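Engineer: sequence plus the predicted model coming up.
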Amino acid sequence: MIELGVPSLLLTVALPVGFAPLAFLFGRIAGHRASELISHAVLGVVLALTALNALQVASGRVIEERYPWLPQLGLSLGFRLDGLSLLFLTLIALVGFLASVYSSRYMENELGLEAYYALLLLFVGGMLGVVLVTNLFLFYIFWELMLIPSYFLIAYWGTGNARVIGFKYFAMTHAGALALLTGIVWLNVLYGNVEFSTLLSRAPLDTRPELQIVSLLIFAGAAVKMALFPVHTWLPDAHAEAPTPISVLLSGVMIKTGVYAFARIVIEMLGPHFKPFAGAIALLSVITMIWGGAMALVQTDIKRVLAYSSVSQIGYISFGLSLLAPVGVMGGLLQVVTHGLAKSLLFMTAGVIIHSVGERDIRKLGGLMSSMPFTAVAFLAGGLSIAGTPPLAGFFSELVIFLGGFQAGLWLLTSIAILATAITLGYYTRTFMYVFQVGEHRHAHDAPISMMAPMVVLLALLVTFGIYVGAVQNVLVAWGFPK
């Protein structure tokens with residue numbers, strides 16, 4: 001077993017947050033390449049620390065670090081890495097690093113890149129903090145930290161009416177954050193602090209009826225971040241108009257922080273109190289699948305197809321978790337990983353097409369297969385995985401979700417969810433045909449190496465997890481989740 005001998009969890013969060021102003025400062029002095037190199041290096045170190053810690057946590061160990069902070073208020077600066085947080089941490093660290101590398105070429109002609117890379121570091125640092133902290137007060141601070149830089153990344157480097165879209169994103173997700181904060185304050189009133197250890201030992205056994213309202217408030221905050229129907233309307237605009245590397249982060253990992261809040265707080269700490277609402281959430285999840293899929297089926301902008309696909313797919317994850325049973329929750333968490341990899345890959349392929357051809361309308365594209373063969377293969381693999389096609393990783397995670405639904409007795413909802421995969425296959429097949437097959441041959445260049453390399457990593461992982469999907473499952477089983 002490798003012992004790091006350093007405060008690795010503190011460094012995982014502190015490095016991107018601490019180096020963000022330095023990336024901006026050095027970029028101002030030495031040019032944006034300095035900011036770019038700092039971003040790559042910092043997120044590369046974060047990924048390396050995560051990989052080393054994963055070797056310990058995968059065997060069932062829990063890593064915890066605690067530092068003095070505000071003893072007068074009973075608050076310490078605590079970080080904890082277990083099997084549940086490891087899944088999200090690894091996804092954030094990996095996709096964050098790959099998005100930074102991908103940005104090198106994609107964003108090369110943009111202005112203000114020293115600010116872009118500084119905000120990118122803050123954005124990733126906020127997400128890392130969300131999945132590592134040990135009390136809800138810090139959880140909320142990092143929840144807001146990832147919102148603020150992501151707003152500026154959308155508003156100042158996005159396309160279309162970016163300022164309005166960024167404001168809509170900020171307003172809706174902040175409204176969800178206020179619901180989350182209300183639930184956190186209520187828990188503090190009930191228990192005197194909001195440390196995870198206190199809530200885990202006391203909240204599940206508490207019989208006070210107000211805890212049902214608290215569980216709904218926290219779920220509401222998570223639901224907005226996940227973009228569950230009907231609070232999903234910020235997502236299609238934000239994901240479609242954000243610069244592609246940020247779309248990768250928004251869809252690949254940021255919406256998963258809402259899933260983490262659902263799993264960590266609502267299910268693990270408040271599960272018995274949330275149980276009366278689980279059936280309604282399962283129904284809402286299936287509606288989300290159908291609505292997102294139907295909207296994706298009629299889009300003509302390639303990024304909006306992918307954005308509405310994210311809405312649809314979050315329905316599968318939410319459906320699995322809403323079952324509140326081991327098999328369903330396991331499937332939902334596996335889907336977090338497989339969807340994160342596939343959707344990050346898909347947005348990168350869209351970015352390559354936009355970067356090379358300068359067109360987003362799938363009706364005006366076509367015939368790109370011969371000139372962009374790698375991008376075509378990557379898009380096809382990502383789309384088939386999202387559609388649950390064997391032997392790619394998405395097949396196994398969706399299969400476990402459906403098994404959980406049948407075991408829970410939700411035969412009708414689960415059957416509808418299975419049928420919804422046909423819609424998924426339909427809009428990805430339609431998009432692939434329009435972009436890569438139908439139409440005249442176009443002279444376009446495939447992805448340059450700095451954009452292709454991150455895609456190769458994601459494609460390899462998508463295939464690998466399709467074969468060794470049990471590796472992810474074993475992490476959760478070794479830790480003992482789902483409970």
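Structural biologist: Nice, I can see it.
Engineer: rest of the way, CA atoms for contacts and neighbours
Structural biologist: OK.
Engineer: what's the first helix or strand after the helix ranked longest in the chain?
Structural biologist: In the chain, taking DSSP state H as the definition, the longest helix is helix 326-357. Later in the chain than helix 326-357, the nearest helix or strand by DSSP states H and E is helix 373-386.
Engineer: mind listing what's buried in that next one?
Structural biologist: 374-386 (16 or more other CA atoms under 10 Å).
Engineer: C-alpha coordinates for stretch 306-323, CSV please?
Structural biologist: Extracted in CSV, the C-alpha atoms of stretch 306-323 (Å, rounded to 0.1, in the frame of the first residue of the first chain):
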residue,chain,number,x,y,z
LEU,A,306,-25.9,16.6,-26.6
ALA,A,307,-27.3,19.0,-24.1
TYR,A,308,-30.8,17.6,-24.2
SER,A,309,-29.3,14.1,-24.1
SER,A,310,-27.7,15.1,-20.7
VAL,A,311,-31.2,16.0,-19.5
SER,A,312,-32.5,12.6,-20.6
GLN,A,313,-29.6,10.7,-19.1
ILE,A,314,-29.8,12.3,-15.7
GLY,A,315,-33.2,10.8,-15.5
TYR,A,316,-31.7,7.3,-15.6
ILE,A,317,-29.3,8.2,-12.8
SER,A,318,-32.1,9.8,-10.7
PHE,A,319,-34.3,6.8,-11.3
GLY,A,320,-31.7,4.4,-10.0
LEU,A,321,-31.1,6.4,-6.9
SER,A,322,-34.8,7.1,-6.2
LEU,A,323,-35.3,3.3,-5.8
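Engineer: please identify the buried residues of the longest helix of the chain?
Structural biologist: Buried, per 16+ other CA under 10 Å, within helix 326-357: 327-357.
Engineer: point to the residue nearest the middle of this structure.
Structural biologist: residue 253 (1.9 Å; CA atoms, centre = their mean).
Engineer: I'd like to check which residues are in contact with it.
Structural biologist: Shown in contact with residue 253 (CA atoms under 8 Å, 6 or more residues apart in numbering): 88, 91, 92, 95, 340.
Engineer: same thing but 6 Å
Structural biologist: Counting by CA atoms under 6 Å, 6 or more residues apart in numbering, residue 253 touches residue 92.
Engineer: helix/strand/coil for it?
Structural biologist: Of the three states, residue 253 takes helix under DSSP: H, G, I helix; E, B strand; the rest coil.
Engineer: how close does it sit to residue 201?
Structural biologist: 29 Å (CA to CA, to the nearest Å).
Engineer: possible to save the buried residues of helix 373-386 as CSV with distance to residue 365 and pLDDT?
Structural biologist: CSV is the format used below for the buried residues of helix 373-386 (distance: CA to CA, whole Å; pLDDT from 0 to 100):
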residue, distance to residue 365, pLDDT
374, 17, 92
375, 14, 92
376, 13, 92
377, 16, 93
378, 17, 94
379, 14, 94
380, 16, 94
381, 19, 93
382, 19, 94
383, 18, 93
384, 20, 92
385, 23, 91
386, 22, 92
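Engineer: from the residues you listed, which is closest to residue 409?
Structural biologist: Residue 409 has its nearest neighbour among the buried residues of helix 373-386 in residue 386, at 24.9 Å by CA to CA.
Engineer: skipping adjacent residues, who's closest to the closest one in space?
Structural biologist: Take residue 386 and drop its neighbours on the chain: the residue closest to it by CA to CA, 6 or more residues apart in numbering is residue 394, 5.6 Å away.
Engineer: quick one: buried residues of the helix or strand harbouring the one you found?
Structural biologist: Per DSSP H and E, residue 394 falls inside helix 393-407. For helix 393-407, the neighbour count (16+ other CA under 10 Å) marks 393-406 as buried.
Engineer: just checking, what packs against it?
Structural biologist: Counting contacts by 3 or more CA pairs under 6 Å, 6 or more residues apart in numbering; DSSP states H and E, helix 393-407 is packed against helix 326-357, helix 449-467.
Engineer: quick one: work out the angle between that helix and helix 449-467.
Structural biologist: Orientation note: helix 393-407 sits at an angle of 40 degrees relative to helix 449-467 (axes from the mean of the first three to the mean of the last three CA atoms, to 10 degrees).
Engineer: figure out how far helix 393-407 is from the centre of its chain.
Structural biologist: Mean-position distance between helix 393-407 and its chain equals 19 Å (CA atoms, centre = their mean, to the nearest Å).
Engineer: what's next to the next helix or strand after that helix, contact-wise?
Structural biologist: Next helix or strand after helix 393-407 toward the C-terminus (DSSP H and E): helix 411-432. Helix 411-432 is contacted by residues 293, 297, 383, 387, 405 when judged by CA under 6 Å, 6+ apart.
Engineer: can you give me the strands in this structure?
Structural biologist: 63-70, 75-81 (DSSP state E).
Engineer: who does the last one touch, helix- and strand-wise?
Structural biologist: Put plainly, it is strand 75-81. For strand 75-81, the packing partners by 3+ CA pairs under 6 Å, 6+ apart are strand 63-70.
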